[in-house]
Structure formats: structure tokens, C-alpha cells
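**Q** here is my input; please provide its structure:
(one chain, ligands or ions: 1)
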Amino acid sequence: MLISEIFYSIQGEGGLAGVPSVFVRTSGCNLRCAWCDTPYASWQPEGKPRTVEEIVVAVQSHSAARHVVLTGGEPMIAKEIRELAAELKLLDYHITIETAATVAPEGIACDLASLSPKLLNSAPDGTQHAAWRKKHEATRWQPSVVRAWLDGGYGYQFKFVVAQPGDLDELAGMLASLKRDIPRDKVMLMPEGITQEVLRARAGWLGDLCKSHGYRYAPPPPDRALRQQAGHVIQRLRMASATFKGWQTVAETQSGVQCFWPSVDVGSAAHSTWHCWRQAGSLTSQ
Ligand code: SF4
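**A** Okay, the predicted model is just below:
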């Protein structure tokens, strides 16, 4: 299956916040959110094909880890995702699946289903992406699929990305339509935004709304805006020049986001490393 990246980090949100986890990010998604922070796994899916065996070996290389997060893109559309989950379960890993809940679980091995149905605020621009907008809107909310996750005996949590106060009415209606008893502390609300200023502003009113409604406030990961900007910078570059088609991995560093570009085109170097800078929104080579 196509894998965008495998990395060992700290889970930043939800019931397992703080737990060291190996993240396996599949590439490819059946949605196209306007504000997607991993466009390299959705809008421009990239990565390397890896077998289940290779992925398991990569996970096991982090010997202290007992938790694995299958994320994306949309991990549930990845070829062999069920085989991968089954193998990891045999090895006694705790498995979290981060999914937009548009694909039914059908018995997949999973301990925590982190369900993130998308609200209307996620719809891509209809003038620039008419076909994707139509597909996105037809796909993003499927109550019967969400119910299949809830009724499948999995631990679960919801995460909604919120852009304006009115979004709470929309998500409340969606949850009510499921006709299941969903405790509000299983529902996380995260502010949408690609700049720290916007995130800070939205954190204020969203935190107040969480307090008044009983939902959990989910702070965006510290690198979320950075990753999102970096992803869009890479997209712009890729559109501008075919030279950048080889971009492969985006990883966090203290100073920015690293984009590794393994290519013989960069001269004698085996690969080139570029930093996408938060403020300049541009790239500088290293
Ligand atoms: S579902 Fe997730 S990965 Fe897919 S486009 Fe939306 S935010 Fe990106």
C-alpha cells in the first residue's frame, strides 16, 4: 500500500494524548477538505509502496512503542489496511484508527476509532474543484457508516474541526441523527485555521462553547498550521515546476518542516533537504 510516512511521536489529542505512538500515514483520501493539513496524502498523494511486512518491521524498529496510529489521508481506503491491522493486533499493539468515518470497519482490528466526520466548512472551492466538491459533499457524512463504527464494539472518540460558532449546530444535528447515546466528553472540537492568529482567535470562543456545551476542547497540534502551510507551499511549487514532483516526506524539526527530496537531479548529493518556513511561506535550501 502507498505509505506517506511512518514516524514515532507523541499522540497529541484525544483519550491517548501523551502516549508515545508509531504513526503510519497512508497516502490517498476519498475526500478533499479545503483546509487539509496533509495535502501530500490527499490532494497530491505521494509516498512509497510498502508491504504489510515492511510496515510491521518499521513499527517494530521503535522498540518501546506499544501504540500504533493508522492515519492518513484516509487509512480505511488503503489497500491491505485490514491485513496490516490484523498483523499489528497479533503482535499485541494498541491500534488507533484516525478516519473520517466514510468507510465501514467490517471487523477491522482496532482498539480506538478516532472518528472525524467532516462539516460543511471542509468543502473544497466549487469553482476551482467542481468535481471534487460534488464528491466530497456526497461522501463526507454517512450516518450508517458512523453507526457501524459505534456498534462495532470499538472504543471511540469523535473529532470535529470547527471554523465558526454555527458549526456546533451542524455537528449537534449530525450526532443526534445517529440515534446513539454519545457522551459529550467523547466529542472533541478543534479550531480550524492555518495561522496562529486565527487559531488563537478561534480558540477563545470555541473554548467557551466547549465549557457551555460539555464538549472537549482539542488544541490543534503545535505543528498543525506549520504542516498545513508547508504542504500548500509544496503544492504550489509542484504546480509551478515538474522538478518538484519528487517530494517525498514532510517531517517536523525545531526550526520548521523538512521536505526530503531524494533525487539524482540535485547534483552530487544523494538527497536534498529543504525547509519550509512558517513566516516567509517560502523554501530555503539546506
Ligand atoms: S479527510 Fe483528512 S486527509 Fe482527507 S482531505 Fe480531509 S483532512 Fe485531508
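
**Q** mind listing what the spatially most central residue of the chain touches?
**A** For the chain, the residue lying nearest the average C-alpha position, counting by C-alpha atoms, centre = their mean, turns out to be Gly72 (5.0 Å). Neighbouring residues of Gly72 by C-beta atoms under 8 Å, 6 or more residues apart in numbering: 4, 25-29, 38, 41-42, 78, 98-99. (C-beta placed from N, C-alpha, C; glycine too.)

**Q** adding secondary structure and distance to Arg180, write these out as CSV.
**A** CSV is the format used below for the contacts of Gly72 (DSSP: H, G, I helix; E, B strand; the rest coil; distance: C-beta to C-beta, whole Å):
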residue, secondary structure, distance to Arg180
Ser4, strand, 32
Arg25, strand, 29
Thr26, strand, 28
Ser27, coil, 32
Gly28, coil, 29
Cys29, coil, 26
Thr38, coil, 29
Ala41, helix, 30
Ser42, coil, 28
Ala78, coil, 27
Glu98, strand, 20
Thr99, strand, 17
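
**Q** dump these into a markdown table; add distance to Glu87 as well.
**A** Supplementary listing: the contacts of Gly72 in a markdown table, determined by distance: C-beta to C-beta, whole Å:
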| residue | distance to Glu87 |
| --- | --- |
| Ser4 | 19 |
| Arg25 | 17 |
| Thr26 | 15 |
| Ser27 | 19 |
| Gly28 | 20 |
| Cys29 | 23 |
| Thr38 | 24 |
| Ala41 | 21 |
| Ser42 | 25 |
| Ala78 | 14 |
| Glu98 | 19 |
| Thr99 | 19 |
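
**Q** closest to Asp111 among those residues?
**A** Nearest to Asp111 among those is Glu98, at 12.6 Å by C-beta to C-beta.

**Q** ok, the closest residue to the closest one other than its chain neighbours - contacts?
**A** If you skip the residues right next to it in sequence, Glu98 has Thr71 as its closest partner in space, 4.1 Å away by C-beta to C-beta, 6 or more residues apart in numbering. Taking C-beta under 8 Å, 6+ apart, we find Thr71 in contact with 23-26, 97-98.

**Q** again, only this time at 6 Å
**A** Contacts were defined as C-beta atoms under 6 Å, 6 or more residues apart in numbering; by that measure Thr71 touches 23, 25, 98.

**Q** any quick PyMOL command for the buried ones out of these?
**A** Typed into PyMOL, the line below selects the buried ones among the contacts of Thr71, using 16 or more other C-beta atoms under 10 Å:
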select buried, resi 23+25+98
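
**Q** quick revisit: and the residue nearest to the centre of the chain, how close does it get to the ligand?
**A** For Gly72, the distance to the ligand under the criterion C-beta to the nearest ligand atom, to the nearest Å works out to 5 Å.
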